[in-house]
Structures are given as C-alpha cells and as structure tokens.
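Enquirer: mind folding the following:
(2 chains)
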There are 2 protein chains.
Amino acid sequence: MKLAERIRQGDTRTVARLITMVENDFPQAQPVLKELHQYCGQAIVVGITGPPGSGKSTITDKLTKHLRKMNKKVGIIAIDPSSPFSGGAILGDRIRMQDLTTDKDVFIRSVGARGHLGGLSRSTQAVVKIMDAMGKDFVFIETVGVGQSEIDVIKVSDVVLLIVMPGMGDDIQVIKAGIMEIGDIFVVNKSDRDGSDKLIAEIEMMLHLSEDEEKKWKSPIIKTVGTDNIGIDFLWEEVSKFVNYLKESGELLERRKNRTRKEIFDLFQENWREMFFKYIGEERVEKEVNRILQQNENPYNAVKNLSTVFKEKLFKEDN
Amino acid sequence: MKLAERIRQGDTRTVARLITMVENDFPQAQPVLKELHQYCGQAIVVGITGPPGSGKSTITDKLTKHLRKMNKKVGIIAIDPSSPFSGGAILGDRIRMQDLTTDKDVFIRSVGARGHLGGLSRSTQAVVKIMDAMGKDFVFIETVGVGQSEIDVIKVSDVVLLIVMPGMGDDIQVIKAGIMEIGDIFVVNKSDRDGSDKLIAEIEMMLHLSEDEEKKWKSPIIKTVGTDNIGIDFLWEEVSKFVNYLKESGELLERRKNRTRKEIFDLFQENWREMFFKYIGEERVEKEVNRILQQNENPYNAVKNLSTVFKEKLFKEDN
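Expert: Predicted coordinates for the structure are as follows:
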C-alpha cells in the first residue's frame, strides 16, 4: 500500500514517520504531501496561545475530551521551537495529556524548528495537512513559547483562542494592543482566582477602544476553570458560532487564502535558499566573508556580487 | 555633514533616525550602513538571555554601570519581537534603566520585528553595527521573550550569558540540553534565594555530562544578586577572561565569520523576497492560491510554476 493511502487510513506509525521526514527536510516527503493535498481542507484549525502558565494545555486537553464525546476526531500540534526553555513545559504537557494518547482518534505531535527561519512555519503547515488528510475534524495548534515565530505560526489558524488568567502582574500591559489582531475568542482561565472580573473589564475596555465598526464579529470573553472542566462546553459553543460566522461571511476562505499565500511564500523561499547553497557554493561565500571581515568589502556589495554569480549559474543551467 | 559622519560622532538623534529607517526597511538606510561598515568590528557583542523573571535587565543594567566606572562606552539592544505578551516587560525594563538614559555614553534601543521572518535578525545585526560604528566598546543584546527567533538572534553575539535563577520550578528541565550550545557563561542570579546551590550542582552535572574533551573553555557558573549589585564585578572578570580566550584561540574570528555568513544570507533572502513580489506580482500569486483552494493544484507544483515565471522575468530583465 502506498504511503499516502496508509496515512489516509490513519496508520499512526506511517504518519509519525512522514512528520519526521518533513521536519528533517527529507525530499521523499514532498511527493506524499502532494498526493495528500487533494484530501485537505476539511479540518478546522484552532490556534491556542497565551502567556506561560495561563493553562493552554489544560484547555486543549479539555476541549479535546469535549469533542471526543461528540465523536469528533482531533489532532493536536504543540509548537516547540526547540528553545532551551521550552523543554520542561513540553514534557509536562505530554504527561498531562497522557490519557489522550491511548485514544486512536486523537493524534498528538510536537513540531520543532530544525535549523532555519521559516522552518517552523513550514513544518507546522505540513503537519496540519497530514492531520487534515488523516480525517481529523479539528486540529489544535498550541504554542509553548510566545516568541515571534510562534505568533507567526498561530496566525495561520482558522480560529485563534487567546488564553489569559488573572494575576499576570500588570494585566493590562500583558494583554496590550497587538493582541486584538490575533485573538478571535478570549478565554479568561483560572477565573475562580481573584482579579478575574477586573481582567475581563480591562479586556472589554480594550476591545471597545479598538472596536472596528465594520467588523461583524465581536470577540467574546469566556470564563473557564480548565482544571475543573468549568466553562469548556460554553467555550466550545462560542468556537462553533465563530466557525459558522467564518463560513457564512466568507472570512474562512479569506483566512485560508492568507494561509496558502504564506505556504507558497515559505516554500518558494525554501527552494531558493537551497539553490543559493547549491549554485554559489561554500567556497565562494567564504571568499566574501573573509573580505568583509578584513574590511575590504561590505556585506551589501558582497550580496550583490553573490547574486550576480547566482544569476549566471541559473542562466547557464537553463540553457 | 553626512549622516554616517554624524553617527560616528555619536549624534543620538541621527542614530535613532537611522535605526528607525532600518527597522522599516527604508532603502535610504543601506548606503549609510555601507559607509559605516569600515568602522565596525571593534565592539564586543554580549548576548544576555534566560527565562522570564531571571533578572536579565537588572544584570544588563548593573554590568553597564560597572563598565561606565571603567569609562567604557556601552550600547544596549533589547530584542522585542513585538509579541503581544512582551509589552509589559519592555516597559518595565525601560523604567528600570531610566538612570542610564541620561548618560550620553550609553545608548539604549529596543528592536522589533517588522512583518516578516528574518527581519528581527537583520535589524538587530544592523543596530549592532550602528552602535559599533558609534564607538561603543561593548554592545549588550538582551532578549525579552525566549522564542526561537530571539535565540537565533542571540547566537550572533561574541559572548552569551545565560541567566537562570533558583525556584524556576523543575530546574533541571528548564535548563536542559540545547542550552549548552548557547551559554558561554552561566549566571545564577537571585542566588540569595533557596535552592541556588542545588541549581548550581545541577548545571555542573549537566556541563560535566556534555563535556567536550576538545573544548578548552569550561563554562563557569557565577552567582549574582543583581538587585544588590553582588557578584557583578566577578561576573565581568569572567566575561573579560572569556573575551581574551576568544581572541587568543581564534574563536572570536570564527564566531564573527558565522555572524557574517548569517548576515549575508539574511540580506540575500531579503533581496530575493523583494524580487519575488516585484517580478511575480500579486495577481499571478492569487491565481495559484485560488487553484490550490479549489483543489486543482497543490502548493508544491504552484511554487514550481511561480519559480518558472520568476526565472523568465529575471532572464528578460538581464537581456
């Protein structure tokens, strides 16, 4: 049986192997992804982000269990940028989610960045596709860190849940301006703690301040206590409402267009990056590096020189 | 007087303006950076990273004051990836460092990522150069977040200080494997707290486990209490020792070669990214996006198609 067929049938060992191939840039992955593409587009991708300690994993875990009761198939991707500081969190999350790993209709995988910029985003998009092709109804992307690369990745989701909690210090500072762009639904988790009403009032004020008359969707603020499973069903109702809104308003298509544009650009950049190394060669780059360090050249002219070499090789190859 | 000359003379308003130009990708910045390049290479770049709350800003602040007593000129770059969650931290840091801002031989600036991947790293490298050309003896790069992009940026430093503190939860998890690659000097800050000896023992064990026989530099572990200025002079002694080691062993040159390679590659990628948008055009990309979403094409073939178009335009332009 072909790889793509085995993945369609949910063979988790094959899926795991394909994901490893994707992460390590094995060229064998591409024909399989190509074939799987025709089965994609069904899964709704839900991004879950927020500051450390807000309970992102617990919310993901509880939402997954909620969906399993409705017999929905779920994929979970934990974005682990292989940062030295994320180790503990990832490990902890995996332990917490252990009871999900025995459920054959839940597939959990962490995705790391191997080596270069853009890698994280490209790998995540590929893993979303694989889970989509496996027939998952929902794919959760959960960030571990909250750096720029993680935010970039989460942006490609259909729905973004932003998890916050009371007592994060100077609340209003932590959830400031830029957040409006990424959060479709706000979740105030650990809402049994002091300060949750104050936090909600602050978010409401912010939402009000940045309110866009044109925008038909008003981001709701949902209170949860993830560890006690409080508010999870209500949160999911809001997610479903938002998904309906996305579909009816045409916004889902717009978001997916954005995601596809990003994917095209990431792939293009990858290809040309490989060609750069192939055509220019290490030795030629080293020559420029040495000239720059000896102050005989500046990096801007060096890149111009290398681009000329690159173009020449490219022309020659095509003729 | 020319811009580059004014920057050489330390005109902070001109410097601030140039940095803004760099961050916003204004083409006018490049000729100035080109000219400044010849004055670069003198400053030692010290990266300061570690988990949130470990006291990175306090250590940067105290080291700067220590250096000022020796009449050294200092530049400070706070990497702020414009993440919604970093707002509070940045603001707090700035307030803490306020007494430094009146010192004309200290230049503080935060650098954010505008828009696209690679931008953060490219902007930071440019700001390091500007501060170097201004005649700063030391440039500190301090991360705010600890995501992958921040780690990528800090890697280009000559020296990396890794700040940790007792009571970060499961200590050994937080400071796991990957860290060995980035930390040249370990700083156990807030070392008056319980658990600091245990933390040191854990780091020592880890360093011992991953010990490389070939490696001549054994990363020291320095105890500090940043807020009380304890251990700062001793920490700086170790930094100086390490800088001497870097120079004598030829490792400084190696690290700077790496930095230059990265700079060349970032610039190259930027240039080709711009050409992609210029030559292919939005309309042509949209055609592929629509075909992909209608399942009439997969992204891999779409990129192949676009690359063909791109090459044709490139050839035409040159003939």
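
Enquirer: do the helix or strand A:V243 falls within and chain B meet?
Expert: Assessed by DSSP states H and E, A:V243 sits inside helix A:232-249. No. Contact of helix A:232-249 with chain B (CB under 8 Å from any CB of the partner chain) is absent, the minimum separation being 13.9 Å. Placement of C-beta: from N, CA and C, glycine included.

Enquirer: which residues make contact with that helix from outside it?
Expert: With CB atoms under 8 Å, 6 or more residues apart in numbering or on different chains as the test, helix A:232-249 has contacts from A:44, A:46, A:59, A:62-63, A:66-67, A:158-159, A:161, A:184-185, A:187, A:216-217, A:220, A:222, A:224, A:226, A:251-252, A:255.

Enquirer: show only the entries of the residues you listed found in strands.
Expert: A:44, A:46, A:159, A:161, A:185, A:187, A:222 (DSSP state E).

Enquirer: ok, so of these, who is nearest chain B?
Expert: A:L161 (13.7 Å; CB to the nearest CB).

Enquirer: close to chain B, is stretch A:185-195?
Expert: No. On the criterion CB under 8 Å from any CB, stretch A:185-195 is out of touch with chain B, staying 11.9 Å away.

Enquirer: list the buried residues in that stretch.
Expert: Applying a neighbour-count criterion of 16 or more other CB atoms under 10 Å in any protein chain shown, one finds A:185-191, A:195 buried in stretch A:185-195.

Enquirer: then that stretch to PDB, C-alphas only?
Expert: The C-alpha coordinates for stretch A:185-195 follow below in PDB (Å, rounded to 0.1, in the frame of the first residue of the first chain):
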ATOM      1  CA  ILE A 185     -12.100  34.500  21.300                       C
ATOM      2  CA  PHE A 186     -10.700  35.500  24.600                       C
ATOM      3  CA  VAL A 187     -10.500  32.900  27.400                       C
ATOM      4  CA  VAL A 188     -10.100  34.100  31.000                       C
ATOM      5  CA  ASN A 189      -8.900  30.800  32.500                       C
ATOM      6  CA  LYS A 190      -8.400  30.200  36.200                       C
ATOM      7  CA  SER A 191     -11.300  32.500  36.600                       C
ATOM      8  CA  ASP A 192     -12.000  31.300  40.100                       C
ATOM      9  CA  ARG A 193      -9.000  33.400  41.200                       C
ATOM     10  CA  ASP A 194      -9.100  36.900  42.400                       C
ATOM     11  CA  GLY A 195      -8.900  39.600  39.800                       C
END
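
Enquirer: what about that stretch, distance to the chain center?
Expert: Counting by CA atoms, centre = their mean, to the nearest Å, stretch A:185-195 is centred 23 Å from the centre of its parent chain.

Enquirer: so which residues make contact with it?
Expert: Contacts of stretch A:185-195 (CB under 8 Å, 6+ apart): A:50, A:54-55, A:58-59, A:159-167, A:171, A:196, A:199-200, A:203, A:207, A:219-226, A:228, A:230-231, A:235, A:238-239, A:242.

Enquirer: equivalent analysis for stretch A:286-306, please.
Expert: A:280, A:284-285, B:30, B:33-34, B:37-38, B:41, B:253, B:256-257, B:260-261, B:263-264, B:267-268, B:271.
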